[in-house]
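A.B. asks: A structural model of the following input is requested.
(chains A and B)
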Amino acid sequence: SAVISQKPSRDICQRGTSLTIQCQVDSQVTMMFWYRQQPGQSLTLIATANQGSEATYESGFVIDKFPISRPNLTFSTLTVSNMSPEDSSIYLCSVIDRTQETQYFGPGTRLLVL
Amino acid sequence: QKEVEQDPGPLSVPEGAIVSLNCTYSNSAFQYFMWYRQYSRKGPELLMYTYSSGNKEDGRFTAQVDKSSKYISLFIRDSQPSDSATYLCAMSANTNAGKSTFGDGTTLTVKP
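C.D. replies: Predicted coordinates:
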């Protein structure tokens, strides 16, 4: 199994500012994922972050808005840039185990943009 | 139209009841099916994983997949108050679980 921690657990931000969310995993993993979970809606994949390469973004998400870093096999950051109230959501970090069958999620970062 | 539709709920049942949670999907390429449980203010945790039609049982939980009807279900027997959570179905076309498509979730409350 993998234990994932995220910082911060929650934040309230002003529009126009940026927030960087950190994700730490207790074991080395190849692939890390960032999801958004808006109230009453399903998890939406933002991007896949691989160590040593550029993140791969899903349709509707762009690097300028959600820059991602992946400096090593246990850590990643997601920045939500130039925030607007529409960015208010829960942001989740996720990894899959070596068999690529089991997916683990962090506790999430609850973001409110005023 | 969403690729994955999940019965929205919410569901409220008495302790000991049998619970049925359901999802339908439209993408025939989906081959792997998962159920996650998400407690309030926590990330989702994997409950069941299956890749074939039929039933898979794990304790009080049974996952059922009908690929011909593009329909999956999760049954919870002898439901407990600790089962109160949001349940998410997820499915993917390949073994890369990170590319799963999730349902919107069904919130279940089991009353003692």
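
A.B. asks: From here on, just use CA atoms for contacts and neighbour counts.
C.D. replies: OK.

A.B. asks: who touches the residue nearest the centre of chain A in this structure?
C.D. replies: Nearest to the mean C-alpha position of chain A, counting by C-alpha atoms, centre = their mean, stands residue A:34 at 3.2 Å. Neighbouring residues of residue A:34 by C-alpha atoms under 8 Å, 6 or more residues apart in numbering or on different chains: A:45-49, A:78, A:91-94.

A.B. asks: Make JSON lines out of those and add distance to residue B:2 and pLDDT.
C.D. replies: JSON lines is the format used below for these (distance: C-alpha to C-alpha, whole Å; pLDDT from 0 to 100):
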{"residue": "A:45", "distance to residue B:2": "15", "pLDDT": "92"}
{"residue": "A:46", "distance to residue B:2": "17", "pLDDT": "95"}
{"residue": "A:47", "distance to residue B:2": "20", "pLDDT": "94"}
{"residue": "A:48", "distance to residue B:2": "22", "pLDDT": "92"}
{"residue": "A:49", "distance to residue B:2": "25", "pLDDT": "91"}
{"residue": "A:78", "distance to residue B:2": "27", "pLDDT": "97"}
{"residue": "A:91", "distance to residue B:2": "21", "pLDDT": "97"}
{"residue": "A:92", "distance to residue B:2": "21", "pLDDT": "96"}
{"residue": "A:93", "distance to residue B:2": "23", "pLDDT": "96"}
{"residue": "A:94", "distance to residue B:2": "23", "pLDDT": "94"}
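
A.B. asks: Would you format these as TSV with secondary structure and neighbour count included?
C.D. replies: As requested, the contacts of residue A:34 are exported to TSV (DSSP: H, G, I helix; E, B strand; the rest coil; neighbours: other C-alpha atoms under 10 Å in any protein chain shown):
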residue	secondary structure	neighbour count
A:45	strand	24
A:46	strand	23
A:47	strand	25
A:48	strand	21
A:49	strand	24
A:78	strand	24
A:91	strand	29
A:92	strand	29
A:93	strand	29
A:94	strand	27
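
A.B. asks: out of those residues, which one sits closest to residue A:107?
C.D. replies: residue A:92 (6.9 Å; C-alpha to C-alpha).

A.B. asks: Can you give me the distance of the closest one to chain B?
C.D. replies: Applying C-alpha to the nearest C-alpha, to the nearest Å, the value for residue A:92 to chain B is 7 Å.

A.B. asks: which residues of the chain score low on pLDDT?
C.D. replies: Chain wasn't specified; assuming chain A. A:98-101 (pLDDT under 70).

A.B. asks: right idea, wrong chain: chain B
C.D. replies: Using pLDDT under 70, chain B drops low at B:95-98.

A.B. asks: Kind regards, and thank you for your time.
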